[in-house]
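Fold the following.
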Amino acid sequence: MFTIKKGVLFDAEVKVPQKPSPNHGGALKASLLVMHYTGSPSFDGAVRTLTDRKAAQRVSAHVVIGRDGAIAQLVPFETIAWHAGASSWKGRSGCNDFAIGIEMVNSGLLGKLATGEYYDRLTHKKVPAADVAIAEHKNGGGMQPWEVFPPAQIEAAIGVAQAICKTYGIRDIAGHDDIAPRRKIDPGPAFPMHSFIGRVLGRRDDEPLVA
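Residues are numbered from 1 along each chain as shown. The predicted structure is shown next:
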């Protein structure tokens, strides 16, 4: 069971691994939880990117969750992380100022070889067909291949999200593609957003998101 103490995530009373990111702002009073995917297959690579102070575009998130359910916290939940960029939710712009961000390690939109095989577009590593969902993004683009999210990763994300929402009284969960629909496509159609929200907040699977 996950709990939060003074902005820090604990799993069964043990602090989750902390990988502090220098990329953060001031104090955060969150009213929104935003789900992302990393767009790459590596947990360690995602942590490096989100903690890189020398990157041309410095970014971060509060938590990274690996495909096996491994978790690292990069920014305390009561501090602004730089995960949303230009964004808005329910008429309020600049979601970094009021949102907690969770990054899921996932390749997202995949490429397809002439052989019919699928691959991660960043690393060009092949992705097994069993890990691919063919779906259309809700914001359009036609039927395309997306990497699925393993059950262990989804379960870890649900547990973390429940702790976040309980601790901070959050009742809104959105995808990056909800708060920045013209720029972003994550977490995409392979992420079970409605059932995820239902389990975290107790909403119906068919209850629509309202931006």
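
Just give me the residue right at the centre of this structure.
Closest to where the C-alpha atoms of the chain average out (CA atoms, centre = their mean) is His36, at 2.6 Å.

Over to that one: give its phi and psi.
Backbone torsions for His36, taken as degrees, to the nearest 10, come to phi -130, psi 160.

Surely it touches Asp178?
No: using CB atoms under 8 Å, His36 is not in contact with Asp178; the gap is 11.1 Å. No exception for glycine: its C-beta is placed from N, CA and C like everyone else's.

same question for stretch 152-164, mean pLDDT?
The average pLDDT for stretch 152-164 rounds to 98.

Please read the previous query as pertaining to stretch 81-93.
When pLDDT is averaged over stretch 81-93, the result is 98.

What lies in contact with that stretch?
Where contact means CB atoms under 8 Å, 6 or more residues apart in numbering, the residues beyond stretch 81-93 that reach it are 21, 23-25, 28, 32, 34, 36, 58-62, 74-75, 94-96, 98-101, 103, 172, 174, 176, 178-180, 183-184, 210-211.

Among the residues you listed, name the ones in helices.
Counting by DSSP state H, the contacts of stretch 81-93 place 176, 178-179 in helices.

Tabulate those (a markdown table), appending pLDDT, distance to Ala135 and neighbour count.
Formatted as a markdown table, these follow (pLDDT from 0 to 100; distance: CB to CB, whole Å; neighbours: other CB atoms under 10 Å):
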| residue | pLDDT | distance to Ala135 | neighbour count |
| --- | --- | --- | --- |
| His176 | 98 | 17 | 24 |
| Asp178 | 98 | 17 | 24 |
| Ile179 | 98 | 20 | 23 |
